[in-house]
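J.: sequence below, structure please.
(2 chains)
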Number of protein chains: 2
Amino acid sequence: MKKILTTLTVTVVLSAVAFGQQALGPGTGLVSPEINPDNSVTFRLYSPKAITVSVTGDFLPPQTIEYEMNGRKISMAVDGSAEMVQDQNGVWSFTSEPLTGELYSYSFVVNGQKAVDPSNIYQKRDVATWVNYFTLSAEQYDKGYWYEVHDTPHGTVSKQWYNSPTLGEDRRLTVYTPAGYENGKGKYPVLYLLHGSGGDEDAWNDLGRAAQILDNLIAEGKAKPMIVVMPNGVYFNNAAPGLAVNMFQPTFTNSRSDSTKEIEESFPDIINFVESHYRVAKGRQNRAVAGLSMGGRQSCALSMAYPDKFGYVGMFSGVVPPETAEHEAALEKVFEVGPELYWLAVGSADGVKANCDKLRATLDKNGYPYEYYESEGGHTWRNWREYLTIFAQKIFR
Amino acid sequence: MKKILTTLTVTVVLSAVAFGQQALGPGTGLVSPEINPDNSVTFRLYSPKAITVSVTGDFLPPQTIEYEMNGRKISMAVDGSAEMVQDQNGVWSFTSEPLTGELYSYSFVVNGQKAVDPSNIYQKRDVATWVNYFTLSAEQYDKGYWYEVHDTPHGTVSKQWYNSPTLGEDRRLTVYTPAGYENGKGKYPVLYLLHGSGGDEDAWNDLGRAAQILDNLIAEGKAKPMIVVMPNGVYFNNAAPGLAVNMFQPTFTNSRSDSTKEIEESFPDIINFVESHYRVAKGRQNRAVAGLSMGGRQSCALSMAYPDKFGYVGMFSGVVPPETAEHEAALEKVFEVGPELYWLAVGSADGVKANCDKLRATLDKNGYPYEYYESEGGHTWRNWREYLTIFAQKIFR
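T.: Here you go, the predicted structure:
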């Protein structure tokens, strides 16, 4: 996103009303965010009567908040924030340092209250929170490059329903088929890609830019053409908000499952559906499972439940920590069969790193082969997009 | 890393940050909107320091605004608004009259500035404006009933790319296939469904609830199972924002095409793609074209450009007005072949009604058979959703 088109406020407001949508107040003609030639970014908000306006987002250095819970002092990193400055016309602005290629998220805070940027239509929802975003690519193959759309062949993203006899219902999933699938006859390997707590079958594609990452990696010859299947990993929800019966509001309590049991037991229903509806190359060497957070835990559990099913296992910021003898026995079976790749990734500041460390200690103790990738930061989509970009290049080779 | 000490909002910030999203400020626990037992709806916003808060939306009686443009006085209907009242806890609220079944849109206006409802994750984007929405169904088969998700078989929604040799590029389209398509062998009729100015290939499915309307009508036996193809109808855009190269901001100037010529000339590319990739029942009796606003104009133009192609033509709030002898000659050819259904629909307060009236006068003069449906209101998605619900029941019979 180098330049954003601008139009006259008058035209937009008028035509907007005329064509059945709402445009409230002026400021619609502002450009925000604007990526400057040096890759600094300027944010703008028209709000003449506001007393304080700031911008908060992951393009700023994180800040640490501290609080007490049950008498324990807890500190954690949250997005940084910066005060914006008002000009004579009532427009508040802030310009960042030059940024590196990435997909960045931000919000405004007006008089202490969160507000989206009315000049930027790009928004994404994570569980129950909407934030604005933008992408920036400073050079080829930087992170932003993989998340942006390039003039390459594009795959198909399909939202479908499959029947799960195990769970006794129809459930929704997202399927990415690579460019050329529709016109070809070849069979493809499959990556099963699982979301985290509070997420759903839309999460990896909307927040994770899965289709863009795969389109770009495949176009550059850096990943094998593959099918990516993104099911709903919460056994008691069958579809994303708006696609399920009842317009539920997702929260961490109604959109997470701490148990992996139901997903383990019902997972063959998904594989059966995919392998009977798509041209799928069979066998474990053509089947990968990976997921983030809860989905990482599920991927870890699925590899133990079906040691002969998955040739590649990716655990992004989530694992089942080895705490029982049963677990060690299950792990032994995984490595008796021997996955082509057993890949752990976690952020150095992530609270779940302790569990990853435990699993790594067990793997090391037993001499089980695995790869480990540690990035900066915590439990964020920023890390998960990067992990997918790396993992997708390593599988089906 | 900056350090700040905060006593803020415990659990929300905690779980949100821990799982990689942002939650700013309190009020997240509020229920808004709340549908009451009498089908009135209560809206709530926590904003202790706000001076004025109102709610605006299409659940309120419309209001008329007046302004001057080039010395001419213009008046137009826009969404009504209502003041909200603050309680001691800083929560502003408003309760509507009992409402009938419908999909309603609304926004808050805080101190004169538009704000989305932070308690409602349901948002939709129309061109460049995000608003909240909710659905309400008071009885079976009311409007809201068709737009909500019911426990019925669901079709697949697929976002794909096709090559247009005429326009010399790959372009994106949305395809709905009805429940049973994947497991069956049968061939299906196709409705080509075109969006309006400022829209894209996502519009009919996201704003128009096309998949829900078709799922429900088919499940109730009120519409024939059909494939619905929703292409991008702006010849100089090949995909929706975020899916096109460059993160463009849609406006009415960069997302509309006043000319129908390019879409007419390139439309066979779409039909060829669909008929070579899907199990399509061939022939005009299995092919319908319909659209809203600009898409209505395009449907009208396509029926004249290819009089033998479309057995059913639906023009929702948009027609090509008959102003030339060529036009009358083209119209004559349409009715020589004779569509099974030539269907015009428009709102009584819609500015384009004058053009519809002109076309109707020409049709009447020549004794060409058509059906006409006039609803209340103007140039709104509320009307277009209703028109699709009616039109889909009339075709392929």
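J.: helices or strands up against the longest helix along chain A?
T.: For chain A, the helix with the greatest residue count under DSSP state H is helix A:261-277. Packed against helix A:261-277, as judged by 3 or more CB pairs under 8 Å, 6 or more residues apart in numbering or on different chains; DSSP states H and E, are the following elements: strand A:156-164, strand A:169-177, strand A:190-194, strand A:227-231, helix A:294-305. For glycine as for every other residue, the C-beta is placed from the backbone atoms N, C-alpha and C.
J.: quick one: residue A:316 and residue A:345 touch, right?
T.: Yes: contact criterion CB atoms under 8 Å: residue A:316 and residue A:345 qualify, at 5.3 Å.
J.: burial count for residue A:238?
T.: Look at residue A:238: counted by other CB atoms under 10 Å in any protein chain shown, it has 20 neighbours.
J.: state the pLDDT value of it.
T.: Listed pLDDT for residue A:238 reads 93.
J.: for it, grab phi and psi.
T.: Dihedral pair for residue A:238: phi -100, psi -10, per degrees, to the nearest 10.
J.: ok, and the closest non-adjacent residue to it?
T.: Excluding its sequence neighbours, the residue lying closest to residue A:238 (CB to CB, 6 or more residues apart in numbering or on different chains) is residue A:171, at 4.4 Å.
J.: can you tell me which residues contact the one you found?
T.: Residues near residue A:171 by CB atoms under 8 Å, 6 or more residues apart in numbering or on different chains: A:161, A:162, A:163, A:164, A:231, A:232, A:238, A:239.
J.: could you measure from residue A:167 over to chain B?
T.: 14 Å (CB to the nearest CB, to the nearest Å).
J.: residue A:222 too?
T.: According to CB to the nearest CB, residue A:222 and chain B sit 19 Å apart.
J.: so the nearest residue to that residue once chain neighbours are set aside, which state does it fall into?
T.: Residue nearest to residue A:222 in three dimensions, not counting chain neighbours: residue A:393, with 5.1 Å by CB to CB, 6+ apart. Residue A:393 carries the three-state label helix when classified by DSSP: H, G, I helix; E, B strand; the rest coil.
J.: residue A:393: neighbouring residues, count only.
T.: 15.
J.: so what's it up against?
T.: Counting by CB under 8 Å, 6+ apart, residue A:393 has contacts A:217, A:222, A:223.
J.: could you measure from it over to chain B?
T.: Here residue A:393 is placed at a distance of 23 Å from chain B (CB to the nearest CB).
J.: for residue A:299, same thing?
T.: Counting by CB to the nearest CB, the gap from residue A:299 to chain B is 17 Å.
J.: that residue against residue A:193, yeah?
T.: No: with contact defined as CB under 8 Å, residue A:299 and residue A:193 do not form a contacting pair (9.1 Å).
J.: got any residues that touch both of the two?
T.: Common neighbours of residue A:299 and residue A:193, using CB under 8 Å, 6+ apart, are A:290, A:291.
J.: can you give me the helices for chain A?
T.: Using DSSP H, helices in chain A cover A:9-18, A:143-147, A:203-206, A:210-219, A:261-277, A:294-305, A:325-337, A:353-366, A:381-394.
J.: worst mean pLDDT among those?
T.: If you rank those by mean pLDDT, helix A:9-18 sits at the bottom with a mean of 32.
J.: check whether stretch A:136-150 contacts chain B.
T.: Yes: using CB under 8 Å from any CB of the partner chain, stretch A:136-150 reaches chain B at A:148, A:149, A:150.
J.: with adjacent residues omitted, what lies nearest to the first one?
T.: The reference is to residue A:148. Residue A:148 sits nearest to residue A:135 (CB to CB, 6+ apart), 5.0 Å away.
J.: for residue A:269, same thing?
T.: Closest residue in space to residue A:269, ignoring its immediate chain neighbours: residue A:164 at 4.2 Å, by CB to CB, 6+ apart.
J.: can I get the helices and strands packed on helix A:261-277 in a markdown table with distance to residue B:93?
T.: Putting the helices and strands packed on helix A:261-277 into a markdown table (distance: least, CB to CB, whole Å) gives the following:
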| stretch | distance to residue B:93 |
| --- | --- |
| strand A:156-164 | 36 |
| strand A:169-177 | 34 |
| strand A:190-194 | 40 |
| strand A:227-231 | 38 |
| helix A:294-305 | 35 |
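J.: quick one: contacts for residue A:383?
T.: If you count contacts by CB under 8 Å, 6+ apart, residue A:383 has them with A:316, A:317, A:345, A:347, A:350, A:375, A:377.
J.: now the second one: how far from chain B?
T.: Put plainly, it is residue A:317. 9 Å.
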